[in-house]
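**Student:** What would the 3D arrangement of this be:
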Amino acid sequence: MEVGKIAESRTPVVPEGGTVAMTYGHRTGYTGDPVADRVVPLPEDLDPLLGIYVAHMGPICANGLLHAAAELCGPGVRSLGDGVRGRRVAVVGAGVVALLTALLARRHGAASSSCSTRRPPAGRWPGPSDWKHSTRTDRTTRPPA
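**Tutor:** Got it, this is the predicted structure:
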C-alpha cells in the first residue's frame, strides 16, 4: 500500500491535491483507474505515513469496532462508533493492530482508549494494575510497578 497526492483528477470524490492510499508498486507516479484500482481517500488531518496501513490493517481494526457495536446494538449497528462512542475502550495488545484499533476508537468517539501489553486474569476486566505499560491515545501513562 502506497500513499500519494493527487496531481490530476476527473472525479470530485478524489480532488486534486487530496491524499490517497492505493497499491501502485512503489512508482514515482501512477495513473489510477477507479474501476480497476482500490483508491482510498485519506482524511486531511491523517499523517500520510499512517496511510500505508489503511487497506491492510484498517479493515482488521474496523472489524474490532464493529464487534463492539454488534455487542451493544445487535443488528441495529449504523457506524463504527456505535460500540465505542462516549465509552472508555481497553484494547488487549500493543502491536500495530491494537494501536490502530485504539486510534480508530478515539476517532469514532471513544472517551478514551488504551492498549495493554499484558492480559488480566480470565474473566476480569483489565485495570491499571494489569498493565506493564499503557499507551493511551489521549496521553501516555506508566502506572506504578
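
**Student:** and the lengthiest helix in the chain, average pLDDT?
**Tutor:** Assignment by DSSP state H gives helix 58-73 as the longest helix of the chain. Mean pLDDT, computed over helix 58-73, is 90.

**Student:** What residues sit buried inside that helix?
**Tutor:** The neighbour-count check on helix 58-73 (16 or more other CB atoms under 10 Å) flags 58, 61, 64-66, 68-69 as buried. Where C-beta positions appear, they are placed from N, C-alpha and C, glycine not excepted.

**Student:** who touches that helix?
**Tutor:** Applying CB atoms under 8 Å, 6 or more residues apart in numbering, the set of residues contacting helix 58-73 from outside is 77, 79-84, 89, 91, 97, 100-101, 104-105, 108.

**Student:** List only those of those residues flagged as buried.
**Tutor:** 77, 80-84, 89, 91, 97, 100-101, 104-105, 108.

**Student:** Tell me which stretches of this structure form strands.
**Tutor:** According to DSSP state E, the chain carries its strands in the segments 2-5, 19-22, 40-41, 88-92, 112-116, 134-136, 140-141.

**Student:** Who does the fifth one pair with, and is each partner parallel or antiparallel?
**Tutor:** Sheet pairing for strand 112-116, assigned by DSSP bridges, gives strand 88-92 (parallel), strand 134-136 (antiparallel).

**Student:** Residue 78 and residue 10, how far apart?
**Tutor:** 32 Å (CB to CB, to the nearest Å).

**Student:** any low-confidence regions in the protein?
**Tutor:** Across the chain, residues meeting the criterion (pLDDT under 70) sit at 55, 118-145.
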